[in-house]
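Visitor: Quick one: sequence and predicted model below, then my questions.
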Amino acid sequence: MPRIAKRRKALLAKVDTARRYSLADAVKLVKQCAGSKFDETVDIVMNLGVDPTQSDQNVRGMVSMPNGTGKKIKVAVFAKGDKAEAALKAGADYVGADDLAEKINAGLTDFERCIAAPDMMGVVGKLGKVLGPKGLMPNPKLGTVTPNVAEAVKAAKSGQVEFRLDKAAIVHAGVGKASFSEEQLLQNIKAFIDAVAKAKPASVKGNYIKKIGLSSTMGLGLKLDLAELGQAA
């Protein structure tokens, strides 16, 4: 039997794929099933009762993970003068103005967050076709267009997670690593679920959160009990 098939069989012996687990039980099981040589990411997937084709039902936001994500991210900042210096001191990986725009147009995309000072949006606006499809376009509502670029950099580096609805009405994110303690993962997951719940569009009626799943990179998906989480319809 191939190695992958053996691993899957071993996981299926531990997991009841039809069961809806309490959050505490799910976290414990996800950690048990993460047996890879690398530190697996713990992912959350939320199926929402919204229509992704309706602009007034878009779900998007930022949430700070209480215990970080365990992932190092690169941050690009559009700023000049004192703000540029402050961004560099805060840990930004790329800082600039027109020069940074030229690098991005030339293919620089190895960063996960893009932040801009308000006076830089004239420059950033020209990068819409490059940054937009990657979900990297700075946005005032997400706090990525701000006069305080240094604080935005620190937030991004400390484990702030952006979430956004995809075409299948799903929101997903990494909420930590398998090496995190159960309590750390519980706190992060609750923070993420609360943030998505608060981002419910006013136009959405009825069941907003339909399903929540939890898994590690190489593990099986576990369904969460929405009633236990206080998210049942």
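Guide: Yep, that arrived.

Visitor: what comes into contact with the longest helix along the chain?
Guide: The single longest helix within the chain, with elements called by DSSP state H, is helix 182-198. For helix 182-198, contacts defined as CB atoms under 8 Å, 6 or more residues apart in numbering pick out 23-24, 27-28, 30-31, 42, 44, 46, 48, 59, 61-67, 69, 161, 163, 171, 173, 175-176, 180, 208-209, 212, 214, 229, 231. The C-beta positions use only the backbone N, C-alpha and C, and glycine is treated the same way.

Visitor: Recalculate using a threshold of 6 Å.
Guide: 27, 42, 44, 46, 61, 63, 65-67, 171, 175-176 (CB atoms under 6 Å, 6 or more residues apart in numbering).

Visitor: Make a markdown table out of those and add secondary structure, pLDDT and distance to residue 133.
Guide: As requested, these are exported to a markdown table (DSSP: H, G, I helix; E, B strand; the rest coil; pLDDT from 0 to 100; distance: CB to CB, whole Å):
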| residue | secondary structure | pLDDT | distance to residue 133 |
| --- | --- | --- | --- |
| 27 | helix | 95 | 34 |
| 42 | strand | 96 | 27 |
| 44 | strand | 97 | 24 |
| 46 | strand | 97 | 23 |
| 61 | strand | 92 | 20 |
| 63 | strand | 94 | 23 |
| 65 | coil | 94 | 26 |
| 66 | coil | 94 | 31 |
| 67 | coil | 95 | 31 |
| 171 | strand | 96 | 18 |
| 175 | strand | 95 | 25 |
| 176 | strand | 95 | 27 |
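
Visitor: among these, which two are most distant?
Guide: Taking CB to CB as the measure, the contacts of helix 182-198 span a maximum distance of 22.9 Å, between 27 and 61.

Visitor: Between those two, point out the one with more neighbours.
Guide: Here residue 27 and residue 61 are compared on neighbour count by other CB atoms under 10 Å; more neighbours surround residue 27, at 26 against 16.

Visitor: just to revisit the earlier point, from the contacts of helix 182-198, list just the buried residues.
Guide: Buried members of the contacts of helix 182-198, scored by 16 or more other CB atoms under 10 Å, are 27, 42, 44, 46, 61, 63, 65, 67, 171, 175-176.

Visitor: Tell me which helix or strand comes right after the helix or strand bottoming out on mean pLDDT in the chain.
Guide: When each helix and strand of the chain is scored by mean pLDDT, DSSP states H and E, helix 3-14 comes last, with a mean of 61. Heading C-terminal from helix 3-14, the first helix or strand you meet, by DSSP states H and E, is strand 20-21.

Visitor: Just the residues contacting that next one, thanks.
Guide: 222-223, 225.

Visitor: try it again with 8 Å
Guide: 29, 222-226.

Visitor: and which of the residues you listed is nearest residue 156?
Guide: Nearest to residue 156 among the contacts of strand 20-21, with distances taken as CB to CB, is residue 224, at 27.4 Å.
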